[in-house]
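[1] Got a predicted structure here, sequence first:
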Amino acid sequence: MKDISLASDIGPSTSAVAKVGSNENPILDADDDDPIVKSFPIYLSSRLASHLHIFQYPVRPNTRPYTGSQGEPVLDLRVKPESGVVQVDVPINTTHFYDHEKGEKWGAVDRQTLGGVMTKSEGYMIGIFKDGELHLTPVKGTCQLRPSFTYVDKDAQTEKEIARSVKQDPAKPKEIRAVQMTVKSSDDSAPRYSGALAARKRAEDEEFVEMQWYDKDTEEAWDLADQLRSASREPLIPATTKEEYIDLIRDKNSAV
Amino acid sequence: MAIEKGSARPDVSFNELLQPLYHGKKLTDAVNTAEDKWLLLPAFLKIKGLVKQHLDSFNYFVNVDLKKIVRANERVVSDVDPEFYLKYLDIRVGMPQRRDQNSLSTEITPHECRLRDLTYAAPIFVDVEYTRGKKIVIHKGLEIGRMPIMLRSERCVLAGKSETEMAKLMECPLDPGGYFIVNGTEKVILVQEQLSKNRIIVEADEKKGIFQASVTSSTHERKSKTYILTKHGKIYLKHNSITEDIPIVLVLKACGIQSDFEILQLVAGADSRYQEVFAINLEECAKLNVFTQQQALEYLGTKMKTSRRPMSPRLSALQEGLEALATTVIAHISVHNLDFREKAIYMSIMTRRVLMAMVNPQLVDDRDYVGNKRLELAGQLLSLLFEDLFKKFNNDFKTSIDKVLKKPNRTNEFDALLNITIHSNNITMGMNRAISTGNWSLKRFKMERAGVTHVLSRLSYISALGMMTRISSQFEKTRKVSGPRSLQPSQFGMLCPSDTPEGEACGLVKNLALMTHITTDDEEEPIKKLIYVLGAEHISVISGHELHAPGSYGIFLNGTVLGITRTPVKFVTRFRNLRRKGRVSVFISFYINHHHKAVHIATDGGRICRPLIIVDKQKSLVTAKHIQALKEGLMQFDDFLRKGLVEYLDVNEENDCNIAIYEHQIDSISTHLEIEPFTILGAVAGLIPYPHHNQSPRNTYQCAMGKQAIGAIAYNQLQRIDTLLYLMVYPQQPMVKTRTIELIQYDKLPAGQNATVAVMSYSGYDIEDALVLNKASIDRGFGRCQVLRKNTTTLKRYSNQTHDRLDGVKRDQDGNPIFKHAILEQDGLPGVGEQVSTGMVYVNKQVPNNTGDNLLGAQGGPTPSADDYKDSPVVYKSPEPSYIDKVLLTSSESEQPLIKVLLRQTRRPELGDKFSSRHGQKGVCGVIVPQEDMPFSDSGVCPDIIMNPHGFPSRMTVGKMIEMISGKAGVLDGSLQYGTAFGGSKLTDMAKILVDKGYSYSGKDMLTSGVTGECLQAYIFFGPIYYQKLKHMVLDKMHARARGPRAVLTRQPTEGRSRDGGLRLGEMERDCLIAYGASQLLLERLMISSDAFNVDVCGQCGLMGYNGWCTTCQSAKNVYKLTIPYAAKLLFQELLSMNVAPRLKLGDAF
């Protein structure tokens, strides 16, 4: 994961992203060339389990995270919890490489909105390594945030409306026409959308919930990060062998 | 599923091969793995059989796919009553049942179906839950139709039966099964070859500078093809439902990848070559003023070809675009919850492949590569058909309940089940019709395919077997392309290199090799989980940067990218180990494509694969110890698989491996060892002895001819009543066998005889490959065969209570039966064993005169008198007499009486009958010579056949010569010799035997002429060769005509032997006569003997009149009689009918 630009809303300790089982070799071959050097106890923390999300910024170099210390803190965070739509506002540096004319046209843009859809995390965990102990917390979801250009859409929309009104303006008053009235039962009128259309409609209908963003270096962030450490002092002990684990996942109906 | 545990049925046929003492090998003998590992092959075939692919596919369909189809279409709801629903809980197929009313038992055997023209089918049962009034009712075991059952599948009564049990059911234990019986005919669903679904194929047309990546998406609902292609150096997306090509950047923007930076990263990565080539596409999109997802979707929406169903709502352009992108473009990747990322990545990978091809045109895929093909089997085809029929069934059911529920006040409570059974015939009939006609029409895909099924050829055992392993290609036969027809290196060991027809279907029709297996679908989900467990990074957290980072490999499951790994080799090794330990299905394949930096994992059905021995640390894992255990019966083939000694590799994985052919060839890079090299040949090519010594087309010719050889067909051949059956009277197993012959048990159902052949010229009647036959050999039964022909008659019932009947025997004044009825018995049927010759009646059927309207007082009225019937007898027409072999009186499915008469002819070879050896050397009998005139050797041996030596030099069939030497050695030694491909009895050993027995090592003998009594001047190559009698016999072809029937329209003689037609004097013959100037002969051939016709032509107007009167001129003056061909007269009249007046100008001839 080292190549991806990764910032997070959960504080400073997002350095290690471990994958369940990936560091083990559940396979029956012993890695001769890769001997075990040292072992550490693993603890499972569930205190933040239902809140932990990874935000990725695929178009942002990881050398320039959106943090206060870099001078580009996240300004706003909005979430639609049901449909999983996430929006983050970040400032735009208006001093360099900034087209003021275009900025004016699009309504004095000084911030950029990054948007994305939350996807369920597939077995990822966040771990902190402290005092020779590894504390893991399962991640609820991941989200890739990329620039959205809603102001362009808005601009296009207004232009379209203007064009329409211009077209309609010189028009003669509407002719009087006979209108055929039909009675429709109420269930028919609501169009039944399928799949993607339904999902879009759901997302559009849902209201944004404003969230509070704590920058990486704030007190609150550090406090929260502490919760990544497991409360219990019981280290995780594997209940199944590697082979049993493989047997649990594999297709029971499969041949041989 | 794919490999059943050692079947319960004690398969005696292989016992010999697995006996402690076999071919001189005792258990105590030192086992040489290098030579004995072939024993794995009989072990493999014992569990696999030759048609395992068909049976597996059908079993998978019945056990798994059927349930999946029902689960996907489980609910039926009403438009009228929202309360109503019907839900399918389960579906299963029972055992085949008879449908006759009042029958003692419901059991039915395949043989009964064949004899009685029934369909071998089993009922399909469903469990349903539905609402009746306010109650929810569960009904179990509801029959919704009947499914034709594949013979020897799990649902067949023959499954797991022993040889004795099979004999009781009148079934041949050697019959491979894998076909259906529909209306009494045996039908095979041929294996269909197709380009693989859901995989990207990149092609280039360098001349036109077009590069394209295409993918055929196939889901249960739809099939569609998406292209990403270049046009003037720019990349576009093309799809059938989009009116014009869409710039790829625009499509990616519509998927929510809005920034150009990210698009470039996803498609080109950090590689500047790709970035440069791709950059122009970003500009293209900007020119269209499309910057955001919304704009892109709106643009896309306006370009859609929409066909709205009348009920559905109108959509805005944006919605159209969204819908299209989510469901129609690359349909096999589903979009959940507005997350287009997977689809975007898939399209960017396709785009990248196009870029790669643009930069390096060698990076394209080969359509003809066998790894890019999938074979569609009976199960898959039936499942497509069943889903279509099931959907229609549900639809019909829904409309019929809607009709009832619509009524406002019903008198009694509505039970939906009463409506469901009405439609069950649709499923039954739909399946039957499709299989019996071979027309597969699927409404969902708007697909229409003809010729899917064929009648199983029962000409010989080999022809039936050959049909079961046949693969037909979807390519058009008419196209003159060489690519799909030529031999592909990747088909090594999978498809037989020799067995393909000549002519238009050459190379398009293929056959499976001996060890080939075809996979069925495996579950994807567990594999998906395992991929992540084994350390793959999930694709949802990957950006283009990592995807294309150096050293990172994409992981593709069935063509869809799931994640990346940085240690592809380790990843694949781990997965392979899991497979070898039996933790994942043995048919899942893993391979790395370094060009595309991809790890491919395939679980889909239809892949071609074969077993190979695993090599570890330069050692074959199968050792002498294992072979020993196999011989003792302690291990079976499955144990080899389970222990990870042997594994299945599909074509793609095979190409990622280094396979040693022999054990001594194993070196440091070897990963696998071939089980036996002769398994690259199929069942039919396996009959050829020493094929590796023959010129390759000769082997191909033999493959075609082996299917025409007359021999034994099955153990139940005398119980069968087929339309046409050829049987050899004294078939022999070949002196020179092959391992394949033993494995497919051709030695038990052989088609040919070991003839003693002298290679010499004799009499001059042996030119052009003609053979000289020994009359005494023929008298002793050489080449004798029987022809059995069936005649079916039904006694129909008519709507007015009348029906056909059989009449008795007509007698002359003396009370003797008239000649025509000489062989009839009292019941109007012939006596078994009677000779029937031309003109005789053998079923004396009568048809009522009035079959249409009701007879007066039909019920209880006067019994129909003899006058009410007219004779409609079945008359024997062939010039050669036959014997009545069998008479069967039974009833068909429609309960109508059915009479089958089997006629038998015994034929001895005659001039012009066709024979062939097993080396593509065919010849006709040129002369039959009395034994006293034949040459003989000093020991008194006389040849059965004399073959002209000119047959050898140009044909280069060295295998035939070696066969003769091995055969001769075997005869002298009292042993059977082997001519197995790439092995077999060694020539030097054979020569040694010959010398030991006092013969020349070369196989040549001194012969004495039977005619002159002198010693022949040369030594003659002399010995036994296995000869096949082919089905082309003079008796079936002889034809001559002096007078005979004429066609109605043209009054010219009819065409063809079957219609007693004339012999045509064609255009080229006509040219000869013109050139020679034989005008009178020409006139006689073309008119007088053909369609001469007298017309009255008016000299005045030039038109034709009649009776000496011209109707046009209204006069009899100037009307002349003329003889012209009737066809010419017809032409004039046809022209007249089109308002063209052809006028004849008459003049004096002399």
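    Looks like it arrived, so ask away.
[2] Setting the sequence-adjacent residues aside, check what's closest to residue A:106.
    Once flanking residues are discounted, residue A:106 sits nearest to residue A:151: 4.2 Å by C-beta to C-beta, 6 or more residues apart in numbering or on different chains. Placement of C-beta: from N, CA and C, glycine included.
[3] Identify the residues contacting residue 136.
    Chain wasn't specified; assuming chain A. A:18, A:42, A:43, A:44, A:45, A:125, A:126, A:127 (C-beta atoms under 8 Å, 6 or more residues apart in numbering or on different chains).
[4] Not quite, go with chain B.
    B:129, B:130.
[5] swap in the one 4 residues further on?
    Residue B:140 makes contact with B:125, B:127 under the criterion C-beta under 8 Å, 6+ apart.
[6] Wait, a strand at it?
    Yes - judged by DSSP: H, G, I helix; E, B strand; the rest coil, residue B:140 forms part of a strand.
[7] Could I get the pLDDT score of it?
    As summarised for this prediction, residue B:140 has a pLDDT of 89.
[8] now residue B:1035
    90.
[9] That one in helix, strand or coil?
    Once three-state DSSP is applied, residue B:1035 turns out helix.
[10] Correct me if wrong: residue A:82 contacts residue A:202.
    Yes - with contacts counted by C-beta atoms under 8 Å, residue A:82 reaches residue A:202, the gap being 6.9 Å.
[11] These two: which is more packed in?
    More crowded of residue A:82 and residue A:202, by other C-beta atoms under 10 Å in any protein chain shown: residue A:202, with 16 against 12.
[12] list the contacts for that one?
    Taking C-beta under 8 Å, 6+ apart, one finds A:82, A:83 in contact with residue A:202.
[13] Would you report the backbone torsion angles of it?
    Dihedral angles phi and psi of residue A:202 (degrees, to the nearest 10) take the values phi -60, psi -50.
[14] The strand ranked longest in chain A vs chain B: in contact?
    Ranked by residue count under DSSP state E, the longest strand found in chain A is strand A:111-120. Yes - interface with chain B: strand A:111-120 contributes A:117, A:119 (C-beta under 8 Å from any C-beta of the partner chain).
[15] Give me the helices and strands touching that strand, please.
    strand A:85-91, strand A:141-144, strand A:146-148 (3 or more C-beta pairs under 8 Å, 6 or more residues apart in numbering or on different chains; DSSP states H and E).
[16] after that strand, next one along is what?
    Following strand A:111-120 in sequence order, the next helix or strand is strand A:124-130 (DSSP states H and E).
[17] Give me the sheet partners of that next one and which way each runs.
    strand A:16-19 (antiparallel), strand A:133-138 (antiparallel) (DSSP bridges).
[18] rank those strands by pLDDT, which is bottom?
    strand A:16-19 (a mean of 36).
[19] what's the next helix-or-strand element following that one in contact with?
    Proceeding N to C from strand A:16-19, the next assigned helix or strand is strand A:42-44, under DSSP H and E. Outside strand A:42-44, the residues that touch it by C-beta under 8 Å, 6+ apart are A:133, A:134, A:135, A:136, A:137, A:229, A:230, A:232, A:233, A:234, A:235, A:236.
[20] 7 Å - rerun?
    Strand A:42-44 has contacts (C-beta atoms under 7 Å, 6 or more residues apart in numbering or on different chains) with A:133, A:134, A:135, A:136, A:230, A:235, A:236.
[21] State the number of residues packed around the fifth one.
    Other residues near residue A:230 number 21, with proximity taken as other C-beta under 10 Å.
[22] Next up, the contacts around it.
    A:43, A:44, A:45, A:135.
[23] ok, 10 Å please
    A:42-47, A:128, A:133-137, A:236 (C-beta atoms under 10 Å, 6 or more residues apart in numbering or on different chains).
[24] any idea whether the residue in the stretch 51-200 of chain B that chain A sits nearest to is helix, strand or coil?
    The stretch 51-200 of chain B approaches chain A most closely through residue B:64 (7.7 Å), counting by C-beta to the nearest C-beta. Three-state call for residue B:64 (three-state DSSP): helix.
[25] Dump the contacts of residue A:136 into CSV; add neighbour count as well.
    Shown next, in CSV, are the contacts of residue A:136 (neighbours: other C-beta atoms under 10 Å in any protein chain shown):
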residue, neighbour count
A:18, 17
A:42, 17
A:43, 21
A:44, 17
A:45, 21
A:125, 20
A:126, 25
A:127, 21
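[26] Go through those and name the one nearest chain B.
    Looking across the contacts of residue A:136 and measuring by C-beta to the nearest C-beta, the closest to chain B is residue A:18, at 11.0 Å.
[27] and residue B:298, what element?
    With DSSP H and E as criterion, residue B:298 is part of helix B:293-302.
[28] again with residue B:249
    helix B:248-254.
[29] Count residues in the vicinity of the nearest residue to residue B:882 once chain neighbours are set aside, would you?
    For residue B:882, ignoring the flanking residues on the chain, the nearest one in space by C-beta to C-beta, 6+ apart is residue B:903 at 4.0 Å. For residue B:903, the neighbour count with other C-beta under 10 Å is 20.
[30] Just confirm residue B:903 is within a helix.
    No - counting by three-state DSSP, residue B:903 is not found in a helix; it is strand.
[31] from memory it sits against residue B:823, does it?
    No - at 11.2 Å, residue B:903 does not count as touching residue B:823 under the criterion of C-beta atoms under 10 Å.
[32] Least confident secondary structure element in chain B?
    Least confident element among the helices and strands of chain B, by mean pLDDT, DSSP states H and E: helix B:15-18 (a mean of 55).
[33] Could you chop chain B up by domain?
    Domain assignment of chain B by automatic domain parsing yields the ranges B:52-193+B:375-468, B:207-306+B:316-360, B:685-717+B:730-784+B:910-1029, B:786-852+B:865-907, B:1057-1137.
[34] what about the longest helix in chain A?
    helix A:150-168 (DSSP state H).
[35] Tell me the gap between it and the middle of its chain.
    Distance of helix A:150-168 from the chain centroid (C-alpha atoms, centre = their mean, to the nearest Å) equals 31 Å.
[36] Mind giving me the packing neighbours of it?
    helix A:100-105, strand A:111-120, helix B:293-302 (3 or more C-beta pairs under 10 Å, 6 or more residues apart in numbering or on different chains; DSSP states H and E).
[37] Fine, thanks again, bye for now.
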